[in-house]
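coords please:
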Amino acid sequence: DTDYGTVSARTGYSEANRPTYYFDGNRNTGGDVYSYIAAPTVPVLGGAFQGGQLKRFAAPFLFKGAGDFTDEWSEELRFASDPQKNLRYSFGVNYYETHLDNGTDGTFALVPLPSDLATLCYSCAPAGGTGLYFDPTTAFAGPGGLGAAVFGNYFNGNGGSFNAVNRISYDTKAPSVFGSMDYSFTEQLTGRVEGRYTDEERSVDHDAYTLAQEQSFKIKNYNATLNYKPLPNWMVYGSYGHAEKSGGFDIKTVQFTAGVNTGVAVDFDVEKSDGFELGFKSRLWDNRLSLEAAIYRYDWTDIVIPQILTAVQNPGTGTVAPIVVPVAFNSNGGDATNQGIEISVTAQLAEHLTGNLSGSYIDATYDDAVIVSFKDFPSYSPTGDVSGNEMLRTSKYQYSAGLAWKAPLYNYIDWSLRGDLASRYKQYADTTNQTYTPTLTTLNMAIGLNGEKWVAELWGHNLTNEDGAGSAQRDVYFSNSLPDGTTFG
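Sure thing, here's the model as predicted:
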């Protein structure tokens, strides 16, 4: 402490080391189903392809993690002025550094490929009325077609591209300066501004492919807020903020030539957001009623969206070249607007009874976004434009309501009864709006006893017996067939 304010310093360090690990990679009991064309094969469709009998086998999998090591270090020096003054301020410097070192995970099939395998299917289909099947990808993806390129590595004993010796190292160094200022114009009106500037450097080094890359980002974040209290228990506020999230690298293994793995790094740039919020908070009826409401709008630019790419820059030639198997990379895919309104009410309805009610409306849509992968399916989306689609994992409407009773039972023991009803509108699980989870309405209730240092409770969740999916994420099946053996159509 000084006559002018307080100087503080803070240091942090952490280290985490995870060794090689295993877990079950199966998605079905007994293993994933594979389809293949068995030898011998004969020419079909005028000799354009080789066709044969379609067979299936089950392959159990084991996922092997190559392990990773992370260490982080940070240092901050801050000065803060007297918090009792009308003008209050703070400023300082911060330094953050992190190092991540990991290998390449792999997926191992626990059975060999069938001895009579001719082609591992990628999109095997009937060859007319011959009763035989063929794989059209063998015409442009080399021996064995795309099926061999995509799935064959699981059966070669290498777990795809598993490598615990050659490591991928990620390093980040981020010095920053920051500051904030609060000022009380009157007893009713206060304001605050704050900001941070970060000069961030990121680098990656891939031992297996002698791949090294660096990037630097100038990150700016700032915010301004104004609060006004027309009455002691009322506050009206407005805020504006600008936020940035640094870019980075997406490191993947691809094949420019069938059977030859190459490491590539695809860059993505800074994401930015500008937005405002207006609202109020109040307490009425001797603090028995709390009412809050807010409206907001955020404009989000250069959003990072996973894109399945069919061509990337070849580090050996420096030119963009097609890859044998399309691979998903993070890349800046577009812009979006997120705007809405939120309202909540909490009330002391009686001596032992409280209630709450809340609701929200969100309009979250992509304004200018492109899924590059769709360009390969011109009959579906010639340009890949998904502008106007809803953002993933947001519900347009949500509401909740609750009632709670709590009253003395004996000495220092209370008894309580509570019920909560919540509903949300459907949510899309992906940017393309191809998959969604349905509207859900759930009721939860609980009855219990409460002591000074203990709680005993009997509860029931989802008493409305909703059976719809609550969330959805993308997953990977390490096979070329659905569990029932379907490979096409």
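
in the stretch 1-150 of the chain, what residue spans correspond to strands?
5-18, 21-24, 32-38, 42-44, 49-51, 54-59, 61-65, 68-81, 87-104, 106-109, 117-120, 125-126, 133-134 (DSSP state E, counting those that start in this stretch).

which one of those strands lies closest to residue 177?
Among those, strand 87-104 comes nearest to residue 177, with 5.4 Å by CB to CB. Quick note: C-beta positions are derived from backbone N, CA and C, even for glycine.

re the thing from before, deepest of the strands of the stretch 1-150 of the chain, which one?
strand 133-134 (a mean of 26; mean count of other CB atoms under 10 Å).

wait, which of the strands of the stretch 1-150 of the chain is closest to residue 275?
strand 87-104 (24.0 Å).

sec struct for residue 152, please.
State at residue 152, reduced to three classes by DSSP: H, G, I helix; E, B strand; the rest coil: helix.

from residue 48, how far out is it?
In this view, residue 152 and residue 48 are 23 Å apart by CB to CB, to the nearest Å.

surely residue 320 meets residue 314?
Yes: with contact defined as CB atoms under 8 Å, residue 320 counts as touching residue 314 (7.4 Å).

quick one, which of the two is more surrounded?
Neighbours per residue (other CB atoms under 10 Å) separate residue 320 from residue 314, with residue 314 holding more: 16 against 10.

show me what contacts that one?
Contacts here follow CB atoms under 8 Å, 6 or more residues apart in numbering; on that basis residue 314 touches 256, 262, 264, 320, 321.

against residue 259, how distant is the fourth one?
Read it as residue 320. Relative to residue 259, and taking CB to CB, residue 320 is found at 21 Å.

quick one on the thing from earlier: select, out of the strands of the stretch 1-150 of the chain, the one closest to residue 200.
strand 87-104 (8.6 Å).

show me what the closest one is packed up against.
strand 68-81, strand 163-184 (3 or more CB pairs under 8 Å, 6 or more residues apart in numbering; DSSP states H and E).

now do it against strand 68-81, angle only.
Put simply, strand 87-104 runs at 170 degrees to strand 68-81, going by axes from the mean of the first three to the mean of the last three CA atoms, to 10 degrees.

residue numbering should commence at 21 henceforth.
Sounds good: first residue 21 from here, last item strand 107-124.

adjacent strands (with direction) for strand 107-124?
Within its sheet, and counting by DSSP bridges, strand 107-124 is paired with strand 88-101 (antiparallel), strand 183-204 (antiparallel).

got the CA coordinates for the shortest one in PDB?
What follows is strand 88-101 as a C-alpha-only set of coordinates in PDB (Å, rounded to 0.1, in the frame of the first residue of the first chain):
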ATOM      1  CA  ASP A  88       0.800 -34.800 -23.700                       C
ATOM      2  CA  PHE A  89       2.700 -32.300 -21.500                       C
ATOM      3  CA  THR A  90       1.600 -28.800 -20.700                       C
ATOM      4  CA  ASP A  91       3.200 -26.000 -18.700                       C
ATOM      5  CA  GLU A  92       1.900 -22.500 -18.200                       C
ATOM      6  CA  TRP A  93       3.400 -19.500 -16.500                       C
ATOM      7  CA  SER A  94       2.000 -16.000 -15.900                       C
ATOM      8  CA  GLU A  95       3.100 -12.800 -14.200                       C
ATOM      9  CA  GLU A  96       1.000  -9.700 -13.400                       C
ATOM     10  CA  LEU A  97       1.900  -6.300 -11.900                       C
ATOM     11  CA  ARG A  98      -1.000  -4.000 -11.100                       C
ATOM     12  CA  PHE A  99      -1.600  -0.600  -9.500                       C
ATOM     13  CA  ALA A 100      -5.000   0.300  -8.200                       C
ATOM     14  CA  SER A 101      -6.000   3.700  -6.800                       C
END
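
can you list contacts of that strand?
Residues contacting strand 88-101 (CB under 8 Å, 6+ apart): 24-38, 107-123.

which strand is the longest one in the chain?
The longest strand of the chain (DSSP state E) is strand 340-368.

show me which residues of that strand are buried.
For strand 340-368, the neighbour count (16 or more other CB atoms under 10 Å) marks 343-344, 346-347, 349-356, 358-360, 362-364, 366-367 as buried.

same deal with stretch 445-461?
445, 447, 448, 449, 450, 451, 452, 456, 457, 460.

with respect to residue 156, which of those is nearest?
Nearest member of these to residue 156, counting by CB to CB, is residue 452, at 25.0 Å.

report pLDDT for the closest one.
At residue 452, the model reports a pLDDT of 83.

please apply the same query to residue 106.
91.

so it makes contact with residue 204?
Yes: using CB under 8 Å, residue 106 is in contact with residue 204, at 4.6 Å.

and those two? which has more neighbours close in?
Higher neighbour count among residue 106 and residue 204: residue 204, with 14 against 10, using other CB under 10 Å.

residues in contact with the more buried one?
106, 210.

tell me what it is bridged to.
Here residue 204, judged by DSSP bridges, has bridge partners residue 210.

what's the answer for the one 10 residues further on, then?
When assigned by DSSP bridges, residue 214 has beta-bridge partners residue 200, residue 243.

distance check, it against residue 261.
Residue 214 is 9 Å from residue 261, where distance means CB to CB.

no further queries at this time; thank you.
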